[in-house]
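**Q** Sequence and predicted structure below; questions after.
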Amino acid sequence: MSETISGTCLCGLVTVTISKDAQDLGACHCKYCQKWAGGPFFELECGTQVEFTGEEHVKTFKSSAWAERGFCSECGSHLFIRDVRSGEYGISPGLFSGDNGFEFRRQVFIDHKPSYYSFSNETTNITSEFIYEHYPETRETKTDDD
């Protein structure tokens, strides 16, 4: 791995190390992320080059046919979403302290964003139909509020 940065969950039992090159920050507004994060889930695209210490405290939940979400079993901090096919991670940027130069570049499932919040950043806004067209495996057949 190239030069790295590390961050921790709230209680400090889990440390996540990623490449310092991981600067691509996005927000997902899908119904699953809203339920999990209480709003959008912010994630840094990190590929497969992610290292954890304190892995015995990392618990996962298979949230869809293609993804699992990881969290600290002690403090509940949201750590990641991972594509189970490719192994690629989206890591929660809140784990890292300070200004790491992350750039808020995109919002996905923008058409699922509730009206009670809005971001002023100029981002690429991607709809659910675009996602389903290009990644059909992400379409869930059962949703409770779509």
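**A** Received it, and whenever you're ready, just let me know what you need.

**Q** With adjacent residues omitted, what lies nearest to the residue nearest to the spatial centre of the chain?
**A** Centroid check for the chain by CA atoms, centre = their mean gives Glu43 as the closest residue, at 3.5 Å. Nearest residue to Glu43, sequence neighbours excluded (CB to CB, 6 or more residues apart in numbering): Gly90, at 3.2 Å. In short, each C-beta sits where N, CA and C put it, glycine included.

**Q** tell me the contacts of that neighbour?
**A** Neighbouring residues of Gly90 by CB atoms under 8 Å, 6 or more residues apart in numbering: Gly26, Phe41, Glu43, Leu44, Glu45, Cys46, Phe80, Ile81, Arg82.

**Q** With Ile5 instead?
**A** Shown in contact with Ile5 (CB under 8 Å, 6+ apart): Thr17, Ile18, Ser19, Lys20, Phe96, Asn100.

**Q** Assign a three-state SS to it, would you?
**A** At Ile5 the chain is in strand, as set by DSSP: H, G, I helix; E, B strand; the rest coil.

**Q** Spatially, what comes nearest to it if we skip its sequence neighbours?
**A** Using CB to CB, 6+ apart and skipping residues adjacent in sequence, the residue nearest Ile5 is Lys20, 5.1 Å away.

**Q** count of neighbours near that neighbour?
**A** 12 (other CB atoms under 10 Å).

**Q** thinking it is in contact with Gly7, fair?
**A** No - using CB atoms under 8 Å as the test, Lys20 is too far from Gly7 to be in contact (11.9 Å).

**Q** What is the neighbour count of Arg82?
**A** A count of neighbours around Arg82, defined by other CB under 10 Å, yields 21.

**Q** swap in Gly76?
**A** Per other CB under 10 Å, the neighbour tally for Gly76 reads 11.

**Q** all helices for the chain, in order.
**A** 31-37, 128-134 (DSSP state H).

**Q** So for the last one, what gets flagged as buried?
**A** What it means is helix 128-134. Ser128, Ile131 (16 or more other CB atoms under 10 Å).

**Q** Only alpha carbons, please: show that helix as PDB.
**A** Presented in PDB, the C-alpha positions along helix 128-134 are these (Å, rounded to 0.1, in the frame of the first residue of the first chain):
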ATOM      1  CA  SER A 128     -31.400   5.100  -8.800                       C
ATOM      2  CA  GLU A 129     -32.300   4.300 -12.400                       C
ATOM      3  CA  PHE A 130     -28.800   5.000 -13.600                       C
ATOM      4  CA  ILE A 131     -27.400   2.700 -10.800                       C
ATOM      5  CA  TYR A 132     -30.000  -0.100 -11.800                       C
ATOM      6  CA  GLU A 133     -29.200   0.300 -15.500                       C
ATOM      7  CA  HIS A 134     -25.400   0.000 -15.000                       C
END
